[in-house]
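**Student:** coords please:
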Amino acid sequence: MSPGSGLRVLAAMAMAVIVLAPRPQALEANLSMQGVDDAIVFARMAQRDARQAFHDRYVRTVSDAVRRISIVSEYRRVVLLTEEHIRLGDRNYSVRQMTTELEPWRGALEVIVEVVFHPQNNYVGVPLIDVLLVPLDTRATEMPATAEVTHRIPRFGMFWDPLPPDTPWWPFPPVMATVTPKAEPVTGGWVQARFEAEPLTDGRFDVVVKEGTKTLGAADFDFGALR
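**Tutor:** Residues are numbered from 1 along each chain as shown. Prediction:
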């Protein structure tokens with residue numbers, strides 16, 4: 001290969017990285033068809049390091065009680081679902097298919113919190129743990145945003161269910177997770193809080209996890225730096 005050819009290859013590779021990287025912009029409510037297509041292309045074409053960097057922006061590790069807080073925007077949901085289709089060898093992830101899968105989450109932002117309980121707890125399920133989004137900058141309202149719907153799913157047993165192979169960013173409870181009591185102790189769980197996305201498309205928020213008046217953990221997210 002001539003030096004000129006090598007430079008052209010490097011330039012093409014650099015351009016591919018630029019094209020595939022998610023464009024910085026504020027979090028988008030009611031993701032457009034172009035946004036769905038962008039998410040699919042990114043999930044299909046980006047290398048693992050680029051996908052790791054993308055997902056890292058949506059995740060915080062917090063404390064012993066709050067193992068992880070994950071933000072799932074509409075754009076990230078399409079990326080995650082496309083990655084899962086690819087992992088399963090299912091090529092049915094067109095813009096139309098992903099738009100259909102996204103439909104129940106139109107206009108919504110989901111916060112998923114993984115909680116860990118003390119080994120000597122006496123819970124029979126996940127207690128009333130809630131998620132608040134507290135504005136950290138100047139906004140029209142300084143009141144915390146509260147979830148429209150909150151689901152609490154217990155985890156039984158002494159270890160975390162393994163994540164799907166090659167998808168360490170998957171934030172959702174495993175499909176085999178049960179909400180009915182079992183003989184094993186409740187060792188943790190997932191709190192899935194759904195918020196209206198429109199008021200949250202930019203600005204910084206403290207994601208605060210509370211059990212009554214007790215704060216279990218909190219993490220700072222800049223929603224304006226997400227998509």
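
**Student:** is it fair to say residue 113 lies in a helix?
**Tutor:** No. Using DSSP: H, G, I helix; E, B strand; the rest coil, the assignment for residue 113 is strand, not a helix.

**Student:** give the buried residues for stretch 193-207.
**Tutor:** Neighbour counts over stretch 193-207 (16 or more other Cβ atoms under 10 Å) mark 193-195, 197, 199-201, 203, 205, 207 as buried. Where C-beta positions appear, they are placed from N, C-alpha and C, glycine not excepted.

**Student:** and the residue nearest the centre of this protein?
**Tutor:** residue 72 (3.3 Å; Cα atoms, centre = their mean).

**Student:** what about that residue? Give its phi and psi, please.
**Tutor:** Torsion angles at residue 72 (phi, psi; degrees, to the nearest 10) stand at phi -120, psi 100.

**Student:** tell me who's in contact with it.
**Tutor:** Contact analysis of residue 72 by Cβ atoms under 8 Å, 6 or more residues apart in numbering lists 58, 80, 109-112, 171.

**Student:** residue 41 and residue 128: what is the separation?
**Tutor:** 41 Å (Cβ to Cβ, to the nearest Å).

**Student:** name the next helix or strand downstream of the helix or strand harbouring residue 78, please.
**Tutor:** Element membership of residue 78, judged by DSSP states H and E, is helix 74-87. Going down the chain from helix 74-87, the next helix or strand is helix 95-102, by DSSP H and E.

**Student:** any idea of the mean pLDDT for that following helix?
**Tutor:** Helix 95-102 shows a mean pLDDT of 95.

**Student:** which strands or helices does it pack on?
**Tutor:** On a contact count with 3 or more Cβ pairs under 8 Å, 6 or more residues apart in numbering; DSSP states H and E, helix 95-102 meets helix 33-45, helix 74-87.
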